[in-house]
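> Predicted coordinates and the sequence they were generated for:
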Number of protein chains: 2
Amino acid sequence: MTDAAVEAAVEAAVIAARSVTTRAERAGWLEALALELDADRAELVRLAAAETGLSTARLDGEVTRTAAQLRFFAGVVREGGYLEATLDSPDPGLIPPRPDLRRMLRPLGPVAVYTASNFPFAFSVLGNDTASALAAGCPIVVKAHPGHPGLSRRTADLAQSVLPAGMFSLVEGMAAGVALVQHPAITAAGFTGSERGGRALFDLASARPHPIPFYGELGSINPVVVTAGAADARGPAIGAGLVGSFTRDAGQYCTKPGLVFVPDGGAVETAAREALGTAPASRQLTTGMTDAYTSGVDAFDPLDGVEVARGTAADGESAPALVLTDAATFLAHTDVFLAECFGPVSVIVRYRDTELDGLVASLEPSLTATIHRAPGEDVGALAATLAAVAGRLLFDGWPTGVAIGWAQHHGGSWPATTASIHTSVGATAIRRWLTPIAYQDAPQEVLPAELRDGNPLGIPRRES
Amino acid sequence: MTDAAVEAAVEAAVIAARSVTTRAERAGWLEALALELDADRAELVRLAAAETGLSTARLDGEVTRTAAQLRFFAGVVREGGYLEATLDSPDPGLIPPRPDLRRMLRPLGPVAVYTASNFPFAFSVLGNDTASALAAGCPIVVKAHPGHPGLSRRTADLAQSVLPAGMFSLVEGMAAGVALVQHPAITAAGFTGSERGGRALFDLASARPHPIPFYGELGSINPVVVTAGAADARGPAIGAGLVGSFTRDAGQYCTKPGLVFVPDGGAVETAAREALGTAPASRQLTTGMTDAYTSGVDAFDPLDGVEVARGTAADGESAPALVLTDAATFLAHTDVFLAECFGPVSVIVRYRDTELDGLVASLEPSLTATIHRAPGEDVGALAATLAAVAGRLLFDGWPTGVAIGWAQHHGGSWPATTASIHTSVGATAIRRWLTPIAYQDAPQEVLPAELRDGNPLGIPRRES
């Protein structure tokens, strides 16, 4: 695909952006897309399984999730609170005098979406970025992931059958991706993928004559801390749960728990080793990812004080692996241990009481952090430290499986995401595609209905 | 000042960031700062007048504004709605199952603030950026503007007398400013100034190994459209009002109306010419700005079809100026006409009916856009076009004098601001210094009080 395809897609998006759409219309699109996904589910899952190697059960569940996301954003856009409608009444007595001011968010304009390999539905062509941008009212040009080209095209056809002309286009190939983020009419970009790829596109977005926001969700190690109390109370369950979480779907999750601090000599390690023996081998999404996983795990082998325990796997499969070490070794090689290794591997670091603070202090920002504690145990100080480096802080569970909701946050400071203040999952993901406007002393008929006197559309507003 | 001063300031900020402060404490700081400004008003105004050449009346009003901003943010932080507290109750029936999720915003950490020359109080050491960052709970390192160094130091002393150690530091000099935005512990930066200076710092912020958000408020032309109906209804008042607005305080406002589309042959131009004859000459803030203004205005002289009308001025003063041209000439030289020229000058472009759409289509993003219309005139289409390139769209007024409020927005796409989705004035300016966190299945005692069951602090929350 050439620059001409990008040009055509963006030009169509520019024209589409000129037509103002209502929230009700856009909610209708999102619901129609969800219906189409459900209707074509069997064919789509077949296509996805053939291209990704993911199981049909997992893919079927992912279609359900993706349809739920589309319907969720239909609800968000119908409710209207996301517009942050705010009205100030005039007050000539203030310094400076305050006129009639009415603020809300408006769509930015045409946006670019770079899709992920590991969720061929939920973070791909009709995934969270597309759903939230459509809800916001932004025309979208999607850059397809080469890991599932046929599915991408099929899903794009489905989208174009539902959406008005220009609201949605698909482009393919690295050159198209590079041209897209640099196109003057593109106003923002969303990305889910590797730190290297995300950084390259972020740099292009920032170097433009008129830079644009680049919302990238990149790498994450997702640290877990198991307290001594938790290990005593339910060490075997935690060890087994850990292996279940990091081997789930070949470990190909941005929220995979990749680093676990466990008390030295506890039951967690024993149980994890046992679970590894029966954990399933898996196929990675691409041969490139298979090689990266293998070399990533192998890189731990030569380190003194590090043991790599591997499960079993047939040819072409990836064996799940546990990397085990102590606190001193970890702290001496944080550059190795804090690098994300995509796939079914996790690092267990054994700590003695006095070592935990130093371990936690070494962490970089992550999408999630997890604490396993004994019932009633006071973990306030630990939680405060982890809260500063995690977008989501969870307790007595596993970070894989990112729920959809109004209160969800799937972000974090670099390298978790490029823009620490934004999320790619949950209701506020829509804000990435919006920008504020304030109307001053505007006639009623010029105002969007959401800002008119008497709140005719009945949306949540702040009035003072 | 050397890198060592930056290092010391940031280290102190890092330590200060570890102490969690309550909203009530921070509101107290802001109110105490406002009281100190009021108490030291006479001395501060004297210092400012000596360093900037601005009138004491203007500076006295600016102190009042600055104190009002500090008190406004005390109110914002007390109310607590800015935290966006959101609670989702568990729902195991969803795919994926939804746990207990509670989201709010938390302070980013130490931040940098680069102050402006043209508002030595309201956008300087204790200006909007500092007030909003303190409200958010972020320790601040301010880079002083060289245009008012004595006042900056005096205001910094005042701040440090009120705030806890490390919450506020001042650094000076270009080298310190460059080191500050690159310091690994700085989490975000605010800037008000020129497009060139802002771009240089934005590029440094983006090129960091871990990039940070850079919130710059840069250049703005602030276009005004006078409809034929408005010119007929009150052309003389509009012409006089225009000159009053662009010559106010030497034209040194980011919201100065720098470009006005008026109907060919109307009364607006005649009145503006008359008003220019009696408009005051002025002193720019620095000799560098005086020279830049003079050469900026002189650059229009050689253009065919352009008239430069100048008011009178004594030696060392800047004469107010009107640049007058027609639509065709404007469109042939948009590179010249759309460049911001800081100081008391505005460009009047005469248009015939059929030319207005082309003129409006040529505009770049601005902080504001203004429409003067006849009473009851339908300007819906024009308003929709301007709304796409303006952060604030106002009617039948002038953009100078940016009111403080919940609904204010002072931003816009590049070059108005670097991050199109943020504002430097108004309640939501606080969001620049915050990042979300979601707590999943957290014990009550670990949660911030704002997220606990029963809403013990009584803040606005969304619960579902």
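All right, it came through fine. All of these numbers come straight from a predicted model, not from anything done at the bench.

> got the domain boundaries for chain A?
Domains of chain A are assigned by automatic domain parsing as A:3-218+A:417-463, A:223-395.

> so which of the ones you listed gets nearest residue B:454?
Closest to residue B:454 of the domains of chain A is domain A:223-395 (Cβ to Cβ; 19.3 Å). For the C-beta atoms, the positions are set from N, CA and C on the backbone; glycine is no exception.

> Quick one: mean pLDDT over that closest one.
Across domain A:223-395, the average pLDDT comes to 95.

> Any idea how far apart the tips of it sit?
With Cα to Cα, to the nearest Å as the measure, domain A:223-395 spans 12 Å from end to end.

> The nearest residue to residue A:168 once chain neighbours are set aside: neighbour count?
The shortest distance from residue A:168 to any residue other than its chain neighbours is 4.6 Å, reached at residue A:159 (Cβ to Cβ, 6 or more residues apart in numbering or on different chains). Using other Cβ atoms under 10 Å in any protein chain shown, residue A:159 has 22 other residues around it.

> if I pick residue A:159, what's in contact with it?
Neighbour list for residue A:159: A:33, A:125-126, A:130, A:168 [criterion: Cβ atoms under 8 Å, 6 or more residues apart in numbering or on different chains].

> that older thread, need the domains of chain A in CSV (columns: distance to residue B:422).
As requested, those are exported to CSV (distance: least, Cβ to Cβ, whole Å):
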stretch, distance to residue B:422
domain A:3-218+A:417-463, 8
domain A:223-395, 19
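
> Tell me if I'm right that residue A:394 and residue B:443 touch.
No: using Cβ atoms under 8 Å, residue A:394 makes no contact with residue B:443, being 11.5 Å away.

> Would you state the strands of the stretch 51-200 of chain A in chain order?
For the stretch 51-200 of chain A, applying DSSP state E, counting those that start in this stretch gives strands covering A:86-88, A:101-107, A:111-114, A:140-143, A:168-171, A:189-192.

> Sheet-wise, list the partners of the third one with their directions.
So that's strand A:111-114. Strand A:111-114 pairs in its sheet with strand A:140-143 (parallel), strand A:189-192 (parallel), by DSSP bridges.

> can you pull the buried residues of the first one?
Going back to what we said before, that points to strand A:140-143. When neighbours are counted by 16 or more other Cβ atoms under 10 Å in any protein chain shown, the buried residues of strand A:140-143 are found to be A:140-143.

> which one among these gets closest to residue A:456?
residue A:140 (29.4 Å).

> Quick check: the closest one touching residue A:131?
No: between residue A:140 and residue A:131 there is no contact under Cβ under 8 Å: 9.9 Å.

> what about the helices in the stretch 201-350 of chain A?
With DSSP state H, counting those that start in this stretch, the ranges of helices along the stretch 201-350 of chain A come out as A:228-247, A:267-278, A:287-298, A:327-332, A:334-337.

> Of those, flag the one that's most buried.
When you average the neighbours per residue for each of those (mean count of other Cβ atoms under 10 Å in any protein chain shown), helix A:228-247 leads with a mean of 21.

> Residues of the stretch 151-300 of chain A that sit close to chain B?
Contacts of the stretch 151-300 of chain A with chain B, taken as Cβ under 8 Å from any Cβ of the partner chain, map to A:187, A:202-203, A:206-207, A:210-213.

> How about the contacts made by residue A:296?
A:339, A:341-343, A:345 are the contacts of residue A:296 under Cβ under 8 Å, 6+ apart.

> Surely residue A:261 is in contact with residue A:226?
Yes: judged on Cβ under 8 Å, residue A:261 makes contact with residue A:226 at a distance of 6.7 Å.

> what is the mean pLDDT for stretch A:428-438?
96.

> Between the two ends of that stretch, how far is it?
20 Å.

> same question, stretch A:95-112
One end of stretch A:95-112 sits 42 Å from the other (Cα to Cα).

> circling back: got CSV for the buried residues of strand A:140-143, with pLDDT and distance to residue B:58 too?
CSV is the format used below for the buried residues of strand A:140-143 (pLDDT from 0 to 100; distance: Cβ to Cβ, whole Å):
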residue, pLDDT, distance to residue B:58
A:140, 98, 48
A:141, 98, 49
A:142, 98, 52
A:143, 98, 52
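
> As a markdown table, these with distance to residue B:333 would be great.
Shown next, in a markdown table, are these (distance: Cβ to Cβ, whole Å):
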| residue | distance to residue B:333 |
| --- | --- |
| A:140 | 36 |
| A:141 | 33 |
| A:142 | 39 |
| A:143 | 37 |
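
> tell me which of the residues you listed is nearest to residue B:303?
residue A:141 (39.1 Å).

> residues touching the closest one, list them.
Residue A:141 neighbours (Cβ under 8 Å, 6+ apart): A:6, A:9-10, A:13, A:110-113, A:169-171, A:180, A:186.

> If we use 7 Å, what do you get?
Taking Cβ atoms under 7 Å, 6 or more residues apart in numbering or on different chains, we find residue A:141 in contact with A:9-10, A:13, A:110, A:112, A:169, A:171, A:180.

> quick one: it and residue A:133, what's the gap?
10 Å (Cβ to Cβ, to the nearest Å).

> Can you tell me which residues in the stretch 1-150 of chain A are near chain B?
Residues of the stretch 1-150 of chain A lying close to chain B (Cβ under 7 Å from any Cβ of the partner chain) are A:61, A:64-65, A:68, A:86-88, A:94-99, A:101-103, A:106, A:108.

> Show the buried residues in the residues you listed.
Neighbour-count burial (16+ other Cβ under 10 Å) applied to the residues of the stretch 1-150 of chain A next to chain B gives A:61, A:64-65, A:68, A:86-88, A:96, A:98-99, A:101-103, A:106, A:108.

> Which pair in these has the greatest spatial separation?
The largest separation in those, counting by Cβ to Cβ, is between A:61 and A:96 at 56.2 Å.

> Okay, now the unreliable bits of the stretch 51-200 of chain A?
Within the stretch 51-200 of chain A, no stretch has pLDDT under 70.

> In it, what residue spans correspond to helices?
Counting by DSSP H, counting those that start in this stretch, the helices of the stretch 51-200 of chain A are A:56-79, A:128-136, A:149-162, A:174-182, A:195-207.

> in the last one, what's buried?
In terms of neighbour count (16+ other Cβ under 10 Å), helix A:195-207 has its buried residues at A:195, A:197-199, A:201-202, A:204-206.

> what packs against that helix?
Judged by 3 or more Cβ pairs under 7 Å, 6 or more residues apart in numbering or on different chains; DSSP states H and E, the packing partners of helix A:195-207 are helix A:174-182, strand A:189-192, strand A:214-217.

> With that, I have no additional questions.
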